[in-house]
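Chemist: Curious how this folds, go ahead:
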Amino acid sequence: MSESNPVFHATTILAVRRNGQTAVAGDGQVTLGATVMKAGARKVRRIYDGKVICGFAGAAADAFALFDRLEARVQEYHGNLVRAAVELTKDWRTDKYLRRLEAMLVAADAEHLLLLSGTGEIIEPDDDLVAIGSGGPYALAAARALVAHTQMSAEEIAREGLRIAAGLCIYTNDQIVVETLP
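Modeler: Numbering: from 1, shown residues only. You can find the predicted model right below:
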């Protein structure tokens, strides 16, 4: 990104799976270069009749494009998140337009927690924690500590992990939205 051509960025998503509950949390900040343009954006959404939760980070327009494509694939494969993610990442790697997108997605259903990376990879974390965006490393570190040292629920960990990240990362705010699956 150059200063003469700034890009809108939507940042920081944290997903936590614990004791049969999955929570995906996102902050509300959208920046254009070094300027906060929006504080209350909603970067976590439900699809497929609420059975799949997605969160996105990166260039806002690119993230929405990928989100829409994932939603179409989940519909096409009747809620099979893994199959939909595989097909989306195949497209991501082979389509000239998609390869230029600067975004990442987190997607979760009752059985899976997936990271769809900007290089067309699918990663299912070993520790049932995943974070993306500018504040992702802070949120992930906080979530790992909370999992190791508390009995908090997935939703509580996701919310607190993002709150901690907001105190450290200038591109993350405390306008947090959390969606959960039982």
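
Chemist: just checking, Asn173 touches Thr31?
Modeler: No: between Asn173 and Thr31 there is no contact under Cβ atoms under 8 Å: 9.8 Å. Quick note: C-beta positions are derived from backbone N, CA and C, even for glycine.

Chemist: neighbour-wise, which of the two wins?
Modeler: Between Asn173 and Thr31, counting by other Cβ atoms under 10 Å, Asn173 is the more crowded of the two (24 against 21).

Chemist: Strands of this protein, start to end?
Modeler: 8-10, 13-18, 21-26, 30-32, 35-38, 44-47, 52-59, 103-108, 113-116, 122-123, 129-132, 177-181 (DSSP state E).

Chemist: worst-scoring helix or strand of the protein, pLDDT-wise?
Modeler: Least confident helix or strand of the chain, by mean pLDDT, DSSP states H and E, is strand 8-10 with a mean of 68.

Chemist: on that earlier part again, ranking the strands of the chain by burial, who's on top?
Modeler: Per residue and on average, the most neighbours among those fall to strand 13-18, with a mean of 29 (mean count of other Cβ atoms under 10 Å).

Chemist: what sits against Gly28?
Modeler: Neighbour list for Gly28: Lys38, Ala39, Gly40, Ala41, Arg42, Lys43, Asn173, Gln175, Ile176, Val177 [criterion: Cβ atoms under 8 Å, 6 or more residues apart in numbering].

Chemist: what's the closest non-adjacent residue to the spatially most central residue of the chain?
Modeler: Centroid-nearest residue in the chain, with Cα atoms, centre = their mean: Gly55, separated by 3.2 Å. Closest residue in space to Gly55, ignoring its immediate chain neighbours: Ile13 at 3.5 Å, by Cβ to Cβ, 6 or more residues apart in numbering.

Chemist: so what pLDDT did the one you found get?
Modeler: Per-residue pLDDT puts Ile13 at 97.
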